[in-house]
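1. let's see this in three dimensions:
(one chain, ligands or ions: 2)
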Amino acid sequence: MAVDMKGKDLIAIHDLSREEVEQILDTAHILKMKQKLGEIYHPLKGKTLGMIFQKSSTRTRVSFEVGMFQLGGHALFLSANDLQLNRGETIADTARNLSRYLDGIMIRTFDHQDVVDLADYSSVPVINGLTDLLHPCQVLSDLFSISEKRQKLDGLKLVYIGDGNNMAHSLMFGGAKMGMHVVICSPSGFEPDPEITRLSRLDATRSGGTITIQDDPVEAVKTADIIYTDVWASMGQEDEHEKRLKSFSNYQVNSSLIENAQEDVLVMHCLPAHRGEEITDEVVDGPHSIVFDQAENRLHVQKAIMALVM
Ligand code: CP
Ligand code: NVA
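-> Ligands and ions are numbered 1, 2, ... in the order given. Okay, here's the model as predicted:
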């Protein structure tokens, strides 16, 4: 039976029920088919999404804006530099004002608490378009991409190699919710946040999944169904780039690492990739890679999210 998600915020996958995640994925499948068939479908006619960006974006901005257009609505790009937010207007007042004009707000920012506060003071749904802590829309799209390729999520082993960052955290939340075995393989000092680990292990207990933290990439990839990686220095960590290159040098996803994995392993990356750092050209462009399918699916899955909550 359909779950009513109207008015719901999307801040963390941990906050969603398994049924809600399944509903997002099922809706994305329908919307993707409609779009491929050229069918016009305008459930958000007359509605407007505001998109606040405090960090750069290619995929998130374009896929939300195009998605809103395809659903019959309108999207407004709101650069934080041009909002009064950057001149000291509070998040609370920004939320209260924007709620008077908009039907939904998507925000990409640094401090995760800002998204939580925005949602608390907003009367319209708030969608997290990435924070330093989480990137839920990316991972919901990734779950969709995996299920398209493998027709299931339950029981699959996803090995994430690299920084215990926003992507690692959301993969832990998403995988745990859907009964997957998530292995986070990070160098010492770059492990995921202990509270995210605790919460995702709680979810995994309920779903039959597992969350494992370890530090040996070769061992980790041996039975992986999916190998996932992300940049070593995320947005906002640019000044740590050189130092991180050294810490992560044994954590590159390259051909010799893939040789240890199963023949049909999928390789995933949220993009943008720093080719030659966390992943090599031959792997991003190689037969295991599904990175551009992942990028495309942002459109279909975010359309599903907007259609369900707005
Ligand atoms: N993966 C992702 O969120 O890409 P952008 O930073 O380009 O939006
Ligand atoms: N961890 C990366 C993800 C980009 C989509 C960052 O936050 O920069």
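2. show me which residues of this structure are close to ligand 2?
-> Within the chain, the residues that sit near ligand 2 (Cβ under 6 Å from any ligand atom) are 130, 135, 165-167, 230-231, 234-235, 270. Where you see a C-beta, it was placed from the backbone N, CA and C, and this is true even at glycine.
3. switch the cut-off to 8 Å
-> By Cβ under 8 Å from any ligand atom, the part of the chain that sits against ligand 2 consists of 55, 57, 59-60, 130, 132, 135, 138, 163, 165-167, 230-231, 233-237, 270-272.
4. helices along the stretch 151-300 of the chain, start to end?
-> Assigned by DSSP state H, counting those that start in this stretch, the stretch 151-300 of the chain shows helices spanning 166-177, 194-207, 217-221, 241-247, 255-258, 281-284, 291-309.
5. any chance of those in TSV, with mean pLDDT too?
-> Shown next, in TSV, are the helices of the stretch 151-300 of the chain (pLDDT from 0 to 100):
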stretch	mean pLDDT
helix 166-177	99
helix 194-207	98
helix 217-221	98
helix 241-247	97
helix 255-258	98
helix 281-284	98
helix 291-309	98
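6. among these, which is nearest Leu37?
-> helix 291-309 (13.0 Å; Cβ to Cβ).
7. quick revisit: Ala95: which of the helices of the stretch 151-300 of the chain is closest?
-> Nearest of the helices of the stretch 151-300 of the chain (Cβ to Cβ): helix 291-309, 15.8 Å.
8. dump the closest one to PDB, keeping only the CA atoms.
-> Only the C-alpha atoms of helix 291-309 are listed here, as PDB (Å, rounded to 0.1, in the frame of the first residue of the first chain):
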ATOM      1  CA  VAL A 291      29.000   6.000 -13.000                       C
ATOM      2  CA  PHE A 292      27.100   7.700 -15.800                       C
ATOM      3  CA  ASP A 293      24.000   5.600 -15.200                       C
ATOM      4  CA  GLN A 294      24.300   6.700 -11.500                       C
ATOM      5  CA  ALA A 295      24.400  10.400 -12.700                       C
ATOM      6  CA  GLU A 296      21.400   9.900 -15.000                       C
ATOM      7  CA  ASN A 297      19.400   8.300 -12.200                       C
ATOM      8  CA  ARG A 298      19.700  11.300 -10.000                       C
ATOM      9  CA  LEU A 299      17.100  12.900 -12.300                       C
ATOM     10  CA  HIS A 300      14.600  10.000 -12.100                       C
ATOM     11  CA  VAL A 301      15.000   9.400  -8.300                       C
ATOM     12  CA  GLN A 302      14.800  13.100  -7.400                       C
ATOM     13  CA  LYS A 303      11.700  13.500  -9.500                       C
ATOM     14  CA  ALA A 304      10.200  10.700  -7.500                       C
ATOM     15  CA  ILE A 305      11.200  12.400  -4.200                       C
ATOM     16  CA  MET A 306       9.700  15.700  -5.300                       C
ATOM     17  CA  ALA A 307       6.500  14.100  -6.700                       C
ATOM     18  CA  LEU A 308       6.000  12.300  -3.400                       C
ATOM     19  CA  VAL A 309       6.800  15.000  -0.900                       C
END
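9. flag every buried residue along it.
-> By neighbour count, and taking 16 or more other Cβ atoms under 10 Å as the criterion, the buried residues in helix 291-309 are 291, 293-295, 297-309.
10. among these, which ones lie close to ligand 1?
-> Within these, those near ligand 1 by Cβ under 8 Å from any ligand atom are 295, 298.
11. what parts of the stretch 51-200 of the chain come near ligand 1?
-> 55-63, 108, 129-130, 135, 137-138.
12. in strands, which of these fall?
-> Arg108 (DSSP state E).
13. show the buried residues in the residues of the chain next to ligand 2.
-> 55, 57, 59-60, 130, 132, 135, 138, 163, 165-167, 230-231, 233-235, 270-271.
14. can you give me the pLDDT of Asp82?
-> Predicted confidence (pLDDT) for Asp82: 87.
15. how many neighbours does it have?
-> 9 (other Cβ atoms under 10 Å).
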